[in-house]
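Colleague: please find the sequence and the predicted model below.
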Amino acid sequence: MEKYRLLREHVEDEERIHLAIPEAATDDDLRRVHQQDYVSRVVSGSLSRDEIRRIGFPWSPELVERSRRSVGGTIHAAECACRDGVSVNLAGGTHHAFSDAGEGFCVFNDVAVAARSLQARGMITRCAVLDLDVHQGNGTASIFANDPSVFTLSVHGASNYPFRKEASDLDIGLEDGTEDSVFLDAVRAGVSVALASDPDLAFYIAGADPYEHDRLGRLSVSKDGLRERDRIVFDACGAASVPIAVVMAGGYAENVHDTVEIHTATVREAARRQSASTTPRA
């Protein structure tokens, strides 16, 4: 959890970044994706022991508030991206949450809730989820299965968690130890296919965990490789005139400062891509 505080400290003094504190997601927001009974049990603290174990965090009122804020941050980032072209949530990327259950440190699925929120308000019709975290976005894939309005891409470690994968619109599984060149080829190919679906908005799940020294990643991608990954995504979205909302997702480096450096580079690249006439938002 320390990485979130450190990331904010790294970017809060950047002149071209406007930091905003978003509203927490409401129950109505959450119920656009999550089953009403699941939302009620999370909020009231009546999850079963097995459900709490599956999420990986002990329940507390603070956990509920943080989860709401994380989702609210992605909703606000998506709104700002539609207006400004690029925006970033300094948290988010909780892609293992299903409609009826949390999993893998994910309580609510922020990207799914944000997508449904903007669709419900007529801000977008179609969107693409560019999930480049090292772990497959199984919850996101399940939520949007058979939904032609949302294209789900996941480039991930084939043998990494989750061990039971769901079917995204496009899954590209990579072998343990995959290095920069193969990883970046997969990113280019996957992003190209996803943007061919003609989305009104792209959600970029920019996990830091493909990094070669990540404790949970099992790939061998360098920091330079991850910076190139960011450039590929921003270049492709820019060329297609697709606004992009970025969320941070995973990062578990042996040294937390490596994770923060990777996330900070993503935020700075987003700021660099913002047009000179507007202020990048995070």
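Modeller: Nice, thanks for sending it over.

Colleague: wouldn't A145 be in contact with A167 here?
Modeller: Yes. The criterion here is CB atoms under 8 Å, and A145 meets it with A167 at 6.8 Å. Using the backbone N, CA and C atoms, a C-beta is placed for each residue, glycine as well.

Colleague: what about G173, how many neighbours?
Modeller: 15 (other CB atoms under 10 Å).

Colleague: give me the nearest residue to it, chain neighbours excluded.
Modeller: A158 (3.1 Å; CB to CB, 6 or more residues apart in numbering).

Colleague: and if you look at R273?
Modeller: Closest to R273 by CB to CB, 6+ apart is F234, at 4.8 Å.

Colleague: my read: the one you found touches E269, true?
Modeller: Yes. Applying CB under 8 Å as the test, F234 and E269 come out as touching, 6.1 Å apart.

Colleague: state the distance from the residue nearest to R273 to A271.
Modeller: 11 Å (CB to CB, to the nearest Å).

Colleague: what do you get for G56?
Modeller: From G56 to A271 the distance is 32 Å (CB to CB).

Colleague: with neighbour numbers in mind, choose between these two.
Modeller: A271 (20 against 13).

Colleague: may I have the secondary structure class of the more buried one?
Modeller: Secondary structure, DSSP: H, G, I helix; E, B strand; the rest coil: A271 is helix.

Colleague: ok, V191 next?
Modeller: Three-state call for V191 (three-state DSSP): helix.

Colleague: now I232
Modeller: Following three-state DSSP, I232 is assigned to helix.

Colleague: that one - how many residues pack around it?
Modeller: The burial count for I232: 18, using other CB under 10 Å.

Colleague: my read: it touches V191, true?
Modeller: Yes. Judged on CB under 8 Å, I232 makes contact with V191 at a distance of 6.4 Å.

Colleague: in this structure, what residue spans correspond to helices?
Modeller: Ranges of helices in the chain, per DSSP state H, are 2-11, 27-31, 36-44, 49-55, 61-84, 110-120, 138-143, 180-195, 223-239, 256-273.

Colleague: measure E65 to H18 for me?
Modeller: Taking CB to CB as the measure, E65 falls 23 Å from H18.

Colleague: neighbour count: the two, which is higher?
Modeller: Neighbour totals were compared for E65 and H18, and H18 leads with 15 against 11 (other CB under 10 Å).

Colleague: and stretch 209-221, how far from the chain's centre?
Modeller: Centroid separation between stretch 209-221 and its chain, computed with CA atoms, centre = their mean, to the nearest Å, is 17 Å.

Colleague: residues in contact with it?
Modeller: 132-135, 157, 159-161, 174, 176-180, 183, 208, 222-223, 225-226, 229, 249-255, 258-259, 262 (CB atoms under 8 Å, 6 or more residues apart in numbering).

Colleague: filter those residues to the buried ones?
Modeller: Buried subset of those (neighbour count, 16 or more other CB atoms under 10 Å): 132-135, 157, 160-161, 174, 178, 180, 183, 208, 225-226, 229, 249-253, 258-259, 262.

Colleague: quick one on the thing from earlier: ranking the helices of the chain by mean pLDDT, which is last?
Modeller: Of all those, mean pLDDT reaches its minimum on helix 2-11 (a mean of 92).

Colleague: could you tell me the angle between that helix and helix 256-273?
Modeller: 40 degrees (axes from the mean of the first three to the mean of the last three CA atoms, to 10 degrees).

Colleague: how much does helix 2-11 deviate in direction from helix 61-84?
Modeller: 40 degrees.
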